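J.: Let me see the structure of the following:
(one chain, ligands or ions: 2)
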Amino acid sequence: MDLLSYLRQTPCHDELIALILYIAHQALPIRNAFPSNQMAKTTKNASGETQAAMDVWADQHLIDELRRTGLVKELASEEQDDVLFFEEDALYSVVMDPLDGSSLIATNLSVGTIIGIYADSIYTDSVLREELKKGEDLVAAFYLLYGPMTTLVLSVGDGVHSFIYHEKVGEFQLFHENITIPDGTQYGSGGTRDEWIPAHMSVLEYFNEHHFKVRYSGSFVADCHQLLTYGGIYTYPALKKKPKGKLRLLFEVNPLGYIITQAGGAVTDGYKDTLTIVPTEIHEKTPVYIGSKGIIQDIERIYREF
Ligand code: AHM
Ligand code: MG
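T.: Residues are numbered from 1 along each chain as shown. Ligands and ions are numbered 1, 2, ... in the order given. So this is what the prediction gives:
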């Protein structure tokens, strides 16, 4: 079954289907742009990080394409300081990390594009534009993973399904249906030992006691993708000097949190489900533990002791 046939079986509005398909089909131009965009830039993004040429390319490409569709009301990107306002009457708004795992571009390891879609606006009130929506308000989230295969993993609120791009037919075909995340015994943690806070050290101790092995690539989207197969945990925790960690709530943690939760997993900042956080600004960061539900419950129990 191809992506369009799958989406037509769901209650998704036609405009949402068109939007998902349109973004999905940007996988090919993005993939093709890697060879000529290998250098690092001198520019910095809204979080103060040096941009790779591919970050800038993918961001500009998706902005231009999404503006052209007429299907997007507002677009917020990890690489843009402010929300972009496109089509006032459009039914959906998009949040995106155009290229996640930027430090791996030069190594040819897996990176991806992360997308979240809200009905109407990114804000709870599209006129006042004061309060941003929570992750649990997403109507769809998906990512494109540029690995040995081009994979799309999607949830429109009815479980998680993966699709593989078949170049000969120019379509994404269903690969795995109703993916559920197993318990697993692997973890990957961002940050360094000297930066970790005591609660996180206790969590790592728990991983050691339970004989977890390490899997951390430097690409959040790729590491979450392997959780869908093997289970376990990805974490970028609060650090001593960065209490909100590194990852962005709107562009990274919420879309992946939505997908992992739809697959029967869970996501937390150590104390609460990050999908319930009301963001105070579009580039807000949050500590994150994401993966198998039972392990997340144990992590929250450990955090309650601090
Ligand atoms: P990016 O969106 O610029 O790639 O930054 C986010 C990335 C995550 O994909 C990854 O897990 C993390 O940053 C890696 O950070 P670090 O190099 O500090 O381990
Ligand atoms: Mg990212």
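J.: The stretch 101-250 of the chain against ligand 1: which residues are in contact?
T.: 101-103, 190, 218-220, 246 (Cβ under 6 Å from any ligand atom). Backbone N, C-alpha and C define where each C-beta goes, glycine included.
J.: Low-confidence stretches in the stretch 101-250 of the chain?
T.: Along the stretch 101-250 of the chain, the model assigns pLDDT under 70 to no residue.
J.: The protein: helices as residue ranges?
T.: For the chain, helices defined by DSSP state H occupy the ranges 3-9, 14-24, 27-33, 53-69, 198-209, 220-230, 254-262, 293-304.
J.: Point out the one among the ones you listed that comes closest to ligand 2.
T.: Set against ligand 2 and scored by Cβ to the ion, the helices of the chain come closest in helix 220-230, at 5.9 Å.
J.: Who wins on neighbours among the residues of the stretch 101-250 of the chain next to ligand 1?
T.: With neighbours taken as other Cβ atoms under 10 Å, the top of those is F220, carrying 28 neighbours.
J.: From what I see, that one and I259 are in contact.
T.: No: F220 is not in contact with I259 according to Cβ atoms under 8 Å; the separation is 11.9 Å.
J.: Quickly list what's touching both of those two.
T.: Common neighbours of F220 and I259, counting by Cβ atoms under 8 Å, 6 or more residues apart in numbering, are absent.
J.: Quick check: the farthest pair among the residues of the stretch 101-250 of the chain next to ligand 1?
T.: S102 and G190 (13.9 Å; Cβ to Cβ).
J.: what's the spacing between the residue of the stretch 1-150 of the chain found nearest ligand 2 and T276?
T.: Per Cβ to the ion, D100 is where the stretch 1-150 of the chain lies closest to ligand 2, at 3.5 Å. From D100 over to T276 the distance is 23 Å, taken as Cβ to Cβ, to the nearest Å.
J.: Between the two, which is the more surrounded one?
T.: Neighbours were counted for D100 and for T276 using other Cβ under 10 Å; D100 has more, 29 against 11.
J.: any residue of stretch 281-294 up close to ligand 2?
T.: No: on the criterion Cβ under 5 Å from the ion, stretch 281-294 is out of touch with ligand 2, staying 11.0 Å away.
J.: Alpha carbons only: can I get that stretch in PDB?
T.: This file holds the C-alpha atoms of stretch 281-294, laid out as PDB (Å, rounded to 0.1, in the frame of the first residue of the first chain):
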ATOM      1  CA  GLU A 281       8.700  30.400  23.200                       C
ATOM      2  CA  ILE A 282       9.200  28.600  19.900                       C
ATOM      3  CA  HIS A 283      12.900  27.700  20.600                       C
ATOM      4  CA  GLU A 284      12.300  26.500  24.200                       C
ATOM      5  CA  LYS A 285      14.400  23.500  25.200                       C
ATOM      6  CA  THR A 286      13.700  20.700  27.500                       C
ATOM      7  CA  PRO A 287      15.500  17.800  29.100                       C
ATOM      8  CA  VAL A 288      14.300  14.600  27.500                       C
ATOM      9  CA  TYR A 289      14.100  10.800  28.200                       C
ATOM     10  CA  ILE A 290      12.200   9.000  25.400                       C
ATOM     11  CA  GLY A 291      11.600   5.400  24.700                       C
ATOM     12  CA  SER A 292      10.100   2.300  26.300                       C
ATOM     13  CA  LYS A 293       7.300   3.000  28.700                       C
ATOM     14  CA  GLY A 294       8.400   0.800  31.600                       C
END
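J.: quick one: which of the residues of the stretch 101-250 of the chain next to ligand 1 sit in strands?
T.: Among those, no member falls in strands (DSSP state E).
J.: which among those residues gets closest to V267?
T.: F220 (11.8 Å).
J.: what sits against that closest one?
T.: 100-101, 234, 236, 247, 252, 256.
J.: can you pick the most crowded of these?
T.: In the contacts of F220, the most neighbours by other Cβ under 10 Å go to L256, 32 neighbours.
J.: Would you quantify the distance from it to D89?
T.: For L256 relative to D89 (Cβ to Cβ), the value is 30 Å.
J.: Excluding sequence neighbours, find me the nearest residue to the residue in the stretch 1-150 of the chain that ligand 1 sits nearest to.
T.: Using Cβ to the nearest ligand atom, the single residue of the stretch 1-150 of the chain nearest to ligand 1 is S102, 3.7 Å away. Distance criterion Cβ to Cβ, 6 or more residues apart in numbering; nearest residue to S102, sequence neighbours excluded, is A52 at 4.6 Å.
J.: For stretch 50-68, list every residue counted as buried.
T.: By 16 or more other Cβ atoms under 10 Å, the buried positions in stretch 50-68 come out as 51-59, 62-63, 66.
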